[in-house]
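Undergrad: Show me how the following folds:
(chains A and B)
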Amino acid sequence: MGLSFQEKSLWVMFVGLAAAFGFYFATVLPPLAPNVMPEQVVTFVLAVAFLIVTQIVGNIVIAVVDRDTQTDERDRLIALVGSRNGGYVLATGVFLALCTALLTNGNFLFMHVLLAFWVLAQLVEIGSRLYLYRRGV
Amino acid sequence: MGTGAGRITNEIRTLRFHQGEMTQQELANRIGVTRQTINAIEGNKYSPSLEVAFRIARVFGVPLEQVFHFAED
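TA: I've put the predicted structure just below:
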């Protein structure tokens, strides 16, 4: 079975997220100071800009190639299950980020634990959806 | 009424064949879902809502139980 528009779009988001924040974390880790430094903010902005551009370009290309952008009840169910799975990861991350804020000095670790779990939650949500599209729901 | 797990199977592929080899896309268009969803239903990877199940049965002009079967494990 060929990939639907939704699956292609999810793959673009998955690869874009992994690339953008893989680059970001590879650049800013290990931490050099207890607080986030201005050049790290610039790197973050570059990663977000890369993500936005790849999503816009990727989805335009997919829409040109695959004009059937219709969604239905199965897409909505898969999105709900994916969102639930991602939500568990995000809730865990928020808790760990709060623990980090209480136990460490500066804002670097707090910010990056939170960011890492947000990225991980997104990857889990998208990955779950891609898996359910193939395995069935 | 049993409480064990079960599996919903269907005869959509056969019914499409008997409807002049209707394609998945044609069926999808007539009931308002995507071709991928018809494919998933036929492959028993997705159990549709009652509304979609009734729409499918109506397209083929047969009762619901001639399209879907429930088999208890």
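Undergrad: which parts of chain A sit against chain B?
TA: A:1, A:4, A:68, A:70-75, A:133, A:135-137 (Cβ under 8 Å from any Cβ of the partner chain). Every C-beta, even on glycine, is put in place using the N, C-alpha and C of the backbone.
Undergrad: try 6 Å this time
TA: The interface of chain A toward chain B, taken as Cβ under 6 Å from any Cβ of the partner chain, is made up of A:Met1, A:Ser4, A:Gln70, A:Asp72, A:Glu73, A:Arg74, A:Gly136, A:Val137.
Undergrad: Next one, pLDDT for the first one please.
TA: Looking back up the chat, that one is A:Met1. The per-residue pLDDT reported for A:Met1 equals 58.
Undergrad: swap in A:Val64?
TA: 89.
Undergrad: and it, how many neighbours?
TA: 8 (other Cβ atoms under 10 Å in any protein chain shown).
Undergrad: for A:Ala26, same thing?
TA: 9.
Undergrad: Remind me which helix or strand it belongs to.
TA: According to DSSP states H and E, A:Ala26 maps onto helix A:5-28.
Undergrad: Tell me which other helices or strands that helix touches.
TA: Helices and strands touching helix A:5-28, by 3 or more Cβ pairs under 6 Å, 6 or more residues apart in numbering or on different chains; DSSP states H and E, are helix A:38-65, helix A:108-135.
Undergrad: do that again at 10 Å, thanks
TA: helix A:38-65, helix A:73-103, helix A:108-135, helix B:35-42 (3 or more Cβ pairs under 10 Å, 6 or more residues apart in numbering or on different chains; DSSP states H and E).
Undergrad: Distance-wise, check whichever residue of chain B sits closest to chain A relative to A:Asn85.
TA: Among the residues of chain B, B:Lys45 lies nearest to chain A; the distance is 2.8 Å by Cβ to the nearest Cβ. As for B:Lys45, its distance to A:Asn85 is 18 Å (criterion: Cβ to Cβ, to the nearest Å).
Undergrad: do A:Val64 as well
TA: 31 Å.
Undergrad: number of nearby residues for the nearest residue to A:Gly87 once chain neighbours are set aside?
TA: Leaving aside its chain neighbours, A:Gly87 sits nearest to A:Ala121 (7.2 Å; criterion: Cβ to Cβ, 6 or more residues apart in numbering or on different chains). A count of nearby residues for A:Ala121, using other Cβ under 10 Å, gives 21.
Undergrad: try the one 5 residues further on
TA: A:Ile126 has 22 neighbours, counted by other Cβ under 10 Å.
Undergrad: now A:Pro30, what's its secondary structure?
TA: Following DSSP: H, G, I helix; E, B strand; the rest coil, A:Pro30 is assigned to coil.
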